[in-house]
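1. Below: sequence and its predicted model.
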Amino acid sequence: MLRWITVAVGILLLCVIIAVGYRWASMQVELDIYRERLAGLSNEYESLRAMYNQAVRKTAVTELIVKDGRVSLAIRTIRGVDRVIDTPFDPSQEIYCDYALLDGRLWIRRVYDARTPPSKGLVIDDSLEQVDWNNPAARYGKAVYRSLSEGRWIVTVTGDGSLGLAKSDTNTNVMLAGPPPVRDYDQIDKQIDEEMSRVTVGDVLKRIFSSGH
């Protein structure tokens, strides 16, 4: 009887060791497959890296100038800085820059402060005063805001539409860009998740046995 108990305990321990080892191996395989299939989404690593760099690259889209307690905006077209617009807003309050994502591009729509409702804000482009949100080309709106001290402030946007606002060196000549394109990078993450869900026991075993050669 003792012999059978010893054999049973040995078999149980062996099963536990195999299970733990398999789990560890599968985690390593999932990590390797994740890396390989991530690179394979665009067939070439350089293409994927270019997309990533494009997503995180910041582009200056609006310049806010605070002087003598007043705020003005530098507005740019494809030809360069088109005009500078004075505003009645107090920079010690939170100043909002409101943008609309239309047809894949980000356009500045209006400016207002914390004491002004958006509907009463300063409209930068009359064509954007009323946005037809039922139009498939009209995606959504975004805003960036903070109180501003004297000097120049730059609103930036990345390829995925993330807005930033930071004070600029007054001696720096900022190159503003026209309405920049905004791309949907969520699809990349979705494809990765779908690929990871397809990892099978066969993938794990194949990787384990092939690693020994």
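-> Yep, it's here.
2. for this protein, which spans come out with low pLDDT?
-> Applying pLDDT under 70 to the chain flags the ranges 1-52, 77-78, 80, 170-172, 185-213.
3. which residues of it fall in helices?
-> Here the chain has its helices, by DSSP state H, at 2-40, 45-56, 186-196, 201-210.
4. Just list the residues touching Asp132, thanks.
-> Ala138 (Cβ atoms under 8 Å, 6 or more residues apart in numbering). (Glycine included, C-beta is placed from N, CA and C.)
5. how much space between it and Gly159?
-> Asp132 sits 25 Å away from Gly159, taking Cβ to Cβ, to the nearest Å as the criterion.
6. for Leu148, same thing?
-> Distance from Leu148 to Gly159, by Cβ to Cβ: 26 Å.
7. Looking at these two, which has the bigger crowd around it?
-> Taking neighbours as other Cβ atoms under 10 Å, Leu148 and Gly159 compare with Leu148 leading, 22 against 19.
8. So the more buried one is in contact with Ile95, correct?
-> Yes. Taking contacts as Cβ atoms under 8 Å, Leu148 lies within contact range of Ile95: 5.5 Å.
9. Spell out which residues are contacts of both of the two.
-> Leu64, Val71.
10. tell me the contacts of Pro180?
-> Thr59, Val61, Arg105, Leu106, Val157, Gly159.
11. Show me those that map onto strands.
-> Of the contacts of Pro180, the ones assigned to strands by DSSP state E are Thr59, Val61, Arg105, Leu106, Val157.
12. so what's the last one up against?
-> Which is Val157. Lys58, Thr59, Val61, Tyr99, Leu106, Leu163, Gly164, Pro180, Val182.
13. Relative to Asp169, how far out is the fourth one?
-> For Tyr99, the distance to Asp169 equals 24 Å [Cβ to Cβ].
14. Which one's more surrounded, those two?
-> More crowded of Tyr99 and Asp169, by other Cβ under 10 Å: Tyr99, with 26 against 10.
15. what's that one in contact with, if anything?
-> Leu106, Trp107, Ile108, Arg109, Gly141, Lys142, Ala143, Val144, Val157, Leu163.
16. switch the cut-off to 6 Å
-> Leu106, Ile108, Arg109, Lys142 (Cβ atoms under 6 Å, 6 or more residues apart in numbering).
17. likewise Ala177?
-> Thr59, Val61.
18. so how far is Gly164 from it?
-> Distance from Ala177 to Gly164, by Cβ to Cβ: 14 Å.
19. and if you look at Tyr96?
-> 14 Å.
20. Neighbour count for those two, which is higher?
-> Tyr96 (18 against 13).
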